[in-house]
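**Student:** pasted the sequence and its predicted model underneath.
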Protein chains: 2
Amino acid sequence: MTLSEFDIIRRYFSAAGAPRADVAVGVGDDAAVVEVPPGQQLVLAMDTLVGGVHFPDDTSADDIAYKALAVNLSDLAAMGAEPVWATLALTAPRNDPVWLAAFAEGFNALARAADVQLIGGDTTRGPLTVTVQAHGLVPRGRAVLRGGARPGDVIFVTGSLGDAGLALQRWRQGLPSFSADHTYLAARLNRPSPRIHEGVALRGLASAMIDISDGLAADLSHLLAASAVGARIELAALPRSEAFARVCAEMGEAQGAQIALSAGDDYELCFTAPAARHAAVTALFAGFDCGCQAIGLIEAQAGLRVWQDDGTLLSVGRGGYDHFAS
Amino acid sequence: MTLSEFDIIRRYFSAAGAPRADVAVGVGDDAAVVEVPPGQQLVLAMDTLVGGVHFPDDTSADDIAYKALAVNLSDLAAMGAEPVWATLALTAPRNDPVWLAAFAEGFNALARAADVQLIGGDTTRGPLTVTVQAHGLVPRGRAVLRGGARPGDVIFVTGSLGDAGLALQRWRQGLPSFSADHTYLAARLNRPSPRIHEGVALRGLASAMIDISDGLAADLSHLLAASAVGARIELAALPRSEAFARVCAEMGEAQGAQIALSAGDDYELCFTAPAARHAAVTALFAGFDCGCQAIGLIEAQAGLRVWQDDGTLLSVGRGGYDHFAS
């Protein structure tokens, strides 16, 4: 027996995520109805993952769903917003209950952990495409934008860079991934960790913030352009996981640094803060597992300058991952 | 020269729709930031159109964009919500500036007319898929839901039924469409008219409301199920346009009635109101061009009964268009 669109919605998605008191009407009417508390602004992020473009075709359904929500929660985190609701547009080639159950499970796992309720969306037939919109709240005027960096500000990055890019590169090359390090890297690709609490805690401390989805060089460049400033960063300072370092040792340092600098799918936060607040940032991140690393300084001169250990400048191309470039 | 994702967003979408004072941050940061006024609830609708599934592959880019926004504004109308913002996830196979300019133009035409600002979204490469989320406002507790119909309520339909279904059927059969009637029907398929002002005006008057996207029989059945009631409607009462009647005359009345009852893509409103408010509904619609027709009555007995002119009951199957049925 196959399930109709209405059955699918009822069975898998009508009670997905964490139930919330601010949802007046959830899945099941023409539209959802929700409450935004007084004094709060609404923050909206929408991202699409396309099968074969943003994830390998053999990615499991639960990982696809987890990631589709995670990348949007990462955008909210980069604004300092607290996530509350999500909507989901799922286009899938077949109406396969096993696949859909796994998809719902992956979505649910992160939605519950983040206290996010699924309040609406659409299911359609077609090539695999997943669009999620995440909705967050921030006290009026306290969203952290890209445009607030000033010369002298310190540039920070959360967590570690390049894990997902390295996993993707190995997958593309058909390399095996059975060791604990490879499993770790694959998990970083398939189930990124949106830095939700970190983003919220950085309100009032970060002068500018962006999440790293297209690679540090590309996303930091967006922040610099929005702030009308430039920057210098130290290649050796880019935070790398132990697994990344061990797997990279086989390929040589230069290639590893390039991946950390330019590969996409990190979903870490890149933010700036006045140098006088450096100690406050360090103190704040003592309370978070992911860690936070100073990687450089904002400068008045436009452009991104990446300094290498030997005192020479790295030539940086466009670098980032542009999903729509032809 | 091809445009990158960032160029596309900047060129075509960063200033789309009507500029609004309640948008603090629009396109261009990690997420949008908007204001919901005190006393208002936020209403959210998300619908996807897939190329080759929800519209013929040769549909023009401007019509695709117009319709993708229209179907979402129709959902808001069915809640009695006033539309304010939209987000757009556009997945397209090529980065074609001419096609994108036409798409943006179609989106803009309706967004400006409806005073809706495009505040965010995503552009990706892949099979043509368009997801729009429309955001509306409604005074707290005044959204019109599906579940409020009571026995004795009169059932109404705005505008006319079957125009889009007939146009689609003719397109599938490869029939010509050069006459004024055929042009009218095709426009009803490609550029539906969301009943925005009508939906807002029906707050406090309609006891239940739904928009007709999957066909009257299917969508009225959803309203009945949500209200735990049944209904009788008169097949001859279903409102039909003059163009529909003339084109249908060639096919015979029975087939025309079936299309008006069951074909999808009408994007009219179906609503109920207490019989004592029938005159108020009539008076209200004297101020709207689309018209409004009483088609039947809510009854306590579950199920939808469709009466024909000859006094016999029409056998109604599931009827509606289920985008995900296998």
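**Tutor:** Structure's in. What do you need?

**Student:** the stretch 51-200 of chain A: helices as residue ranges?
**Tutor:** Along the stretch 51-200 of chain A, the segments classed as helices by DSSP state H, counting those that start in this stretch run A:61-77, A:97-113, A:163-172, A:180-190, A:196-201.

**Student:** closest one to B:Gly165 among those?
**Tutor:** Go through the helices of the stretch 51-200 of chain A one by one with Cβ to Cβ and the one that ends up closest to B:Gly165 is helix A:97-113, at 28.9 Å. Where C-beta positions appear, they are placed from N, C-alpha and C, glycine not excepted.

**Student:** packing partners for the closest one?
**Tutor:** In terms of contacts (3 or more Cβ pairs under 8 Å, 6 or more residues apart in numbering or on different chains; DSSP states H and E), helix A:97-113 is packed against helix A:61-77, strand A:82-92, strand A:117-125.

**Student:** and it, which residues are buried?
**Tutor:** A:Trp99, A:Leu100, A:Ala102, A:Phe103, A:Ala104, A:Gly106, A:Phe107, A:Asn108, A:Ala109, A:Leu110, A:Ala111 (16 or more other Cβ atoms under 10 Å in any protein chain shown).

**Student:** and the residue lying closest to the second one once chain neighbours are set aside, what does it touch?
**Tutor:** Read it as A:Leu100. With sequence-adjacent residues excluded and distances taken as Cβ to Cβ, 6 or more residues apart in numbering or on different chains, A:Leu100 is closest to A:Tyr12, at 5.5 Å. A:Tyr12 is in contact with A:Leu100, A:Ala101, A:Phe103, A:Ala104, counting by Cβ atoms under 8 Å, 6 or more residues apart in numbering or on different chains.

**Student:** switch to 10 Å and redo it
**Tutor:** With contact taken as Cβ atoms under 10 Å, 6 or more residues apart in numbering or on different chains, A:Tyr12 is in contact with A:3, A:90, A:97, A:100-105, A:107-108, A:118, A:123.

**Student:** from the residues you listed, which is closest to chain B?
**Tutor:** Nearest to chain B among these: A:Thr123, at 5.4 Å, using Cβ to the nearest Cβ.

**Student:** beta partners for the closest one?
**Tutor:** When bridges are called by DSSP bridges, A:Thr123 pairs up with A:Leu90.

**Student:** next one: A:Glu299
**Tutor:** A:Glu299 has these beta-bridge partners by DSSP bridges: A:Gly230.

**Student:** leaving out sequence neighbours, find the closest residue to A:Pro56.
**Tutor:** A:Trp171 (5.9 Å).

**Student:** same question, A:Ala16
**Tutor:** In space, A:Ala16 is closest to A:Leu118, 3.9 Å off (Cβ to Cβ, 6+ apart).

**Student:** look up how far chain B lies from the nearest residue to A:His278 once chain neighbours are set aside.
**Tutor:** The shortest distance from A:His278 to any non-neighbouring residue, by Cβ to Cβ, 6+ apart, is to A:Val154 (5.4 Å). In this view, A:Val154 and chain B are 20 Å apart by Cβ to the nearest Cβ, to the nearest Å.

**Student:** and A:Ala279, by the same measure?
**Tutor:** Separation of A:Ala279 from chain B (Cβ to the nearest Cβ): 26 Å.

**Student:** re the thing from before, the residue nearest to A:His278 contacts A:Ala237, correct?
**Tutor:** No. A:Val154 is not in contact with A:Ala237 according to Cβ atoms under 10 Å; the separation is 11.0 Å.

**Student:** so these two - more neighbours on which side?
**Tutor:** The neighbour comparison of A:Val154 against A:Ala237 (other Cβ atoms under 10 Å in any protein chain shown) goes to A:Val154, with 20 against 13.

**Student:** got a list of what that one touches?
**Tutor:** A:Val154 makes contacts with A:207, A:271-278, A:281, A:294-298, as judged by Cβ under 10 Å, 6+ apart.

**Student:** show me what contacts the nearest residue to A:Ala31 once chain neighbours are set aside?
**Tutor:** Residue nearest to A:Ala31 in three dimensions, not counting chain neighbours: B:Ala45, with 3.9 Å by Cβ to Cβ, 6+ apart. By Cβ under 10 Å, 6+ apart, B:Ala45 lies in contact with A:29-32, A:87, A:120-122, B:71-79, B:81, B:83, B:86, B:132-136, B:211.

**Student:** redo that, cut-off 6 Å
**Tutor:** B:Ala45 sits next to A:Ala31, B:Asn72, B:Asp75, B:Leu76, B:Ala134 when contact means Cβ atoms under 6 Å, 6 or more residues apart in numbering or on different chains.

**Student:** in what helix or strand does it lie?
**Tutor:** strand B:40-50 (DSSP states H and E).

**Student:** which residues touch stretch A:166-180?
**Tutor:** Residues from elsewhere that reach stretch A:166-180, judged by Cβ under 6 Å, 6+ apart: A:Pro56, A:Leu185, A:Ala186, A:Leu189, A:Phe244, A:Ile259.

**Student:** which of those residues sit farthest apart?
**Tutor:** Distance extremes for the contacts of stretch A:166-180: the farthest pair is A:Pro56 and A:Phe244 at 19.4 Å, using Cβ to Cβ.

**Student:** higher neighbour count, those two?
**Tutor:** Shown here are A:Pro56 and A:Phe244; by other Cβ under 10 Å, A:Phe244 has more neighbours (25 against 14).

**Student:** A:Val200 versus that one, what's the distance?
**Tutor:** 27 Å (Cβ to Cβ, to the nearest Å).

**Student:** hey, what's the residue nearest to A:Ala31 bridged with?
**Tutor:** Here B:Ala45 sits in beta bridges with B:Ala134, going by DSSP bridges.

**Student:** just the pLDDT for the residue nearest to A:Ala114 when sequence neighbours are not counted.
**Tutor:** Closest residue to A:Ala114 in three dimensions, ignoring its sequence neighbours and counting by Cβ to Cβ, 6+ apart: A:Pro83, at 5.3 Å. Here the pLDDT value assigned to A:Pro83 is 98.

**Student:** so what's A:Pro83 bridging to?
**Tutor:** For A:Pro83, the beta-bridge partners are A:Gly136 (DSSP bridges).

**Student:** wait, A:Leu189 touches A:Ala164, no?
**Tutor:** Yes. Shown here, A:Leu189 and A:Ala164 form a contact pair, counting by Cβ atoms under 6 Å, at 4.0 Å.
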